[in-house]
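>>> sharing a sequence plus its predicted fold:
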Amino acid sequence: MCRAALRITISSNTASPRLSSLDISINQTDFHSACNSASDDPAAAAEQLVHLAGARNPTVLCELAYLCLTAPIGRVGTRSSLRSVAIILLDQVIADFPKYSRAYCVKGQALLPPEHGGWAEPTLKQDCVEIAYDLFSKAEQLQCFEGMFLKGRLLVTSTPVHNSDRMSALGFELVRRAAFEGRIAQAFVFVAANYEYPGKYAPSLFTSLAELGEMERQKVIFDLYNRAAQLGYAAALNDIGTSVELAYAGIAANFDQARRYYLRAAKGGYTDAFENLGNLYETGMGHKDKRRIDLRKALHFYHLGAHLRSVNCAHYLATLYDEGVQNVLKRDVRMAERLYVLSMNLANDNHDEKMASAALKDLCRCYITSIKTSVPESVECRRAMARMNELLGEKSVKQMLLVVEKSIVRALKERRKAPLEKLVHSRNSGRILRTARDVLRGTRAGNLKVREKRLVHLFGRHNARTMADYGVSKSRRFRAQSLSKLKGERECADVVC
């Protein structure tokens, strides 16, 4: 039986606009097995990858290291181990081929935190940033425009650290040279992004377009993205698709054209393009073309993105499963929980604290809803409580549930739903309040003991008695209103007769 093979196209980005390429085939099962073993023994995993490649070709080894740093491989949550494998491979390349500039570039990025465009942990020491700078400088000395760009970008992004206008200006000049002389696609995108959103690193460097009108400024920025897209850079293709979708720089909005750019970006390895494809079909290009709305296709692209480990796709898909989509997707709490966990782990792998925090909050909201809408001590309730205790600790969970219980009481007695909606979202708050009203009316409890347990479970021991009395008075008032309404209807019927 023939085993599946993983084909990898290896490109070395040199000063020439033409990219030299090399194809290799690696057994897919063995490749993933080597990546999965990285957390146990990074050195053994690196040696196994070298053996699978079949030769100590610097281009092949460098691309394998790049895949370990960026591709959706290995177990979720083991990206730091794969980073160690990548550095071992790159050290071998640098030792055996000291004039291969690409290895210095990739290793430097492996040592940098995300704020400088790298893939390392944000808490990395300053020494690693200095080592990365030296590696980029060596690549630049070897006449590598990619090294020139990375060195310049590091000088610009380090402006808050060195606080030197001269060094920032030098960095910007290196980036511009790498873009216009070396035709480095990343350099075009970096300049365009900083012109579009000036003020992030060195505001004074990116204000030269301020004198132009808004439309002229947008055209200059779009031209820079377009130059990078013509070089086949996936992130730039995605930006062009967004420009076409939003009618940026005076371009006519076109659904099919935006879709083509997003698909090219996705095929090029830019997984967040799947999120844009899903959003394109979900909203009909921002409600500009509602005839093209197709929720099933939107879900298809979100699923593809989540499978390829896009944090945004996994999180958005989790939200859809949590809420359900009418006539398209049935609500599935278990699937939503799994996707929230996946999104949180992927965000931690990418050192994206903002997305990890958002996924954790949504996961806790999902668990709180399960706890408050299920029967006390049921399997579902115990499971949700155990998962929350694992994530936050028992003390934090008790405090959180206490706040939720007070919010439920306020929502019922004072009709102030905002605090509860802030804690669990509007749709989840509606489910919790419907369950609470049913318990107060006695429709969800077979006998007094069961009803008492549910009152304690929903409102807490300190609020249970108060809410029981509130429920009785509410029921009496409801019966009185119903009787008076019925009496009024009868009187009206007598008059008519």
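Perfect, I can see it now.
>>> please save the CA atoms from stretch 383-392 in CSV.
Extracted C-alpha coordinates of stretch 383-392, given in CSV (Å, rounded to 0.1, in the frame of the first residue of the first chain):
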residue,chain,number,x,y,z
ARG,A,383,-18.3,18.3,34.1
ALA,A,384,-18.6,22.0,33.4
MET,A,385,-17.7,22.8,37.0
ALA,A,386,-14.6,20.5,36.9
ARG,A,387,-13.3,22.1,33.7
MET,A,388,-13.7,25.6,35.1
ASN,A,389,-11.9,24.6,38.3
GLU,A,390,-9.0,23.3,36.1
LEU,A,391,-8.8,26.5,34.2
LEU,A,392,-9.3,29.1,37.0
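>>> okay, now the unreliable bits of the protein?
Applying pLDDT under 70 to the chain picks out residues 1-25, 55, 123-125, 443-447, 471-497.
>>> what sits against I131?
Contact analysis of I131 by CB atoms under 8 Å, 6 or more residues apart in numbering lists G108, L111. From N, CA and C alone the C-beta is placed, and that goes for glycine too.
>>> and the helices in the stretch 51-200 of the chain?
58-70, 79-96, 101-111, 126-141, 145-157, 159-162, 165-180, 185-196 (DSSP state H, counting those that start in this stretch).
>>> outside of the second one, which residues touch it?
Helix 79-96 has contacts (CB under 8 Å, 6+ apart) with 35, 38-39, 42-43, 45-46, 49-50, 56, 58, 61-62, 64-66, 68-69, 73-74, 100, 103-104, 106-107, 110-111, 119-121, 349-350.
>>> ok, now with 6 Å
Contacts to helix 79-96, defined as CB atoms under 6 Å, 6 or more residues apart in numbering, come from residues 38-39, 42, 45-46, 58, 61-62, 64-65, 68-69, 74, 100, 103, 106-107, 110, 349.
>>> rewinding a little: export the helices of the stretch 51-200 of the chain as CSV, with columns for distance to L423.
Output for these, formatted as CSV (distance: least, CB to CB, whole Å):
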stretch, distance to L423
helix 58-70, 37
helix 79-96, 32
helix 101-111, 40
helix 126-141, 40
helix 145-157, 37
helix 159-162, 36
helix 165-180, 44
helix 185-196, 36
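>>> where's K297, which helix or strand?
helix 295-307 (DSSP states H and E).
>>> tell me which other helices or strands that helix touches.
helix 272-287, helix 311-323 (3 or more CB pairs under 6 Å, 6 or more residues apart in numbering; DSSP states H and E).
>>> nearest to P376, out of the helices of the stretch 51-200 of the chain?
Across the helices of the stretch 51-200 of the chain, P376 has its closest neighbour in helix 79-96 (39.9 Å, CB to CB).
>>> buried residues, the closest one. List them.
Residues of helix 79-96 classed as buried by neighbour count (16 or more other CB atoms under 10 Å): 79-90, 92-94.
>>> then it to CSV, C-alphas only?
Extracted C-alpha coordinates of helix 79-96, given in CSV (Å, rounded to 0.1, in the frame of the first residue of the first chain):
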residue,chain,number,x,y,z
ARG,A,79,5.1,25.3,19.3
SER,A,80,8.0,26.2,21.7
SER,A,81,9.4,22.7,21.3
LEU,A,82,9.2,23.0,17.5
ARG,A,83,11.0,26.3,17.8
SER,A,84,13.8,24.5,19.5
VAL,A,85,13.9,21.9,16.7
ALA,A,86,14.1,24.8,14.1
ILE,A,87,17.0,26.4,15.9
ILE,A,88,18.9,23.1,16.0
LEU,A,89,18.5,22.7,12.3
LEU,A,90,19.5,26.3,11.6
ASP,A,91,22.6,25.9,13.8
GLN,A,92,23.6,22.9,11.7
VAL,A,93,23.2,24.9,8.5
ILE,A,94,25.2,27.9,9.8
ALA,A,95,28.0,25.6,11.0
ASP,A,96,28.2,23.6,7.7
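>>> tell me what angle it forms with helix 58-70.
160 degrees (axes from the mean of the first three to the mean of the last three CA atoms, to 10 degrees).
>>> quick one: helix 79-96 to helix 126-141, angle?
Using the same axes, to 10 degrees: helix 79-96 against helix 126-141 is 40 degrees.
>>> centre of the chain to helix 79-96, how far?
Offset of helix 79-96 from its chain centre (CA atoms, centre = their mean, to the nearest Å): 26 Å.
>>> how about stretch 201-218?
Here stretch 201-218 is found 29 Å from its chain centre; the criterion is CA atoms, centre = their mean.
>>> got the buried residues for that stretch?
Y201, A202, L205, F206, L209, R217, Q218.
>>> convert the C-alpha atoms of it to CSV, please.
Coordinates of each C-alpha in stretch 201-218 appear next as CSV, following Å, rounded to 0.1, in the frame of the first residue of the first chain:
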residue,chain,number,x,y,z
TYR,A,201,6.7,52.5,16.3
ALA,A,202,8.2,55.7,15.0
PRO,A,203,5.5,58.2,14.0
SER,A,204,7.9,60.8,12.6
LEU,A,205,9.1,58.3,9.9
PHE,A,206,5.7,57.6,8.4
THR,A,207,4.0,61.0,8.2
SER,A,208,5.3,61.9,4.7
LEU,A,209,1.9,61.1,3.2
ALA,A,210,0.0,63.3,5.6
GLU,A,211,0.2,66.3,3.2
LEU,A,212,-1.6,64.3,0.5
GLY,A,213,-5.4,64.0,0.3
GLU,A,214,-7.0,60.9,1.7
MET,A,215,-7.7,59.3,-1.7
GLU,A,216,-4.1,60.0,-2.9
ARG,A,217,-2.7,58.6,0.3
GLN,A,218,-4.8,55.4,-0.1
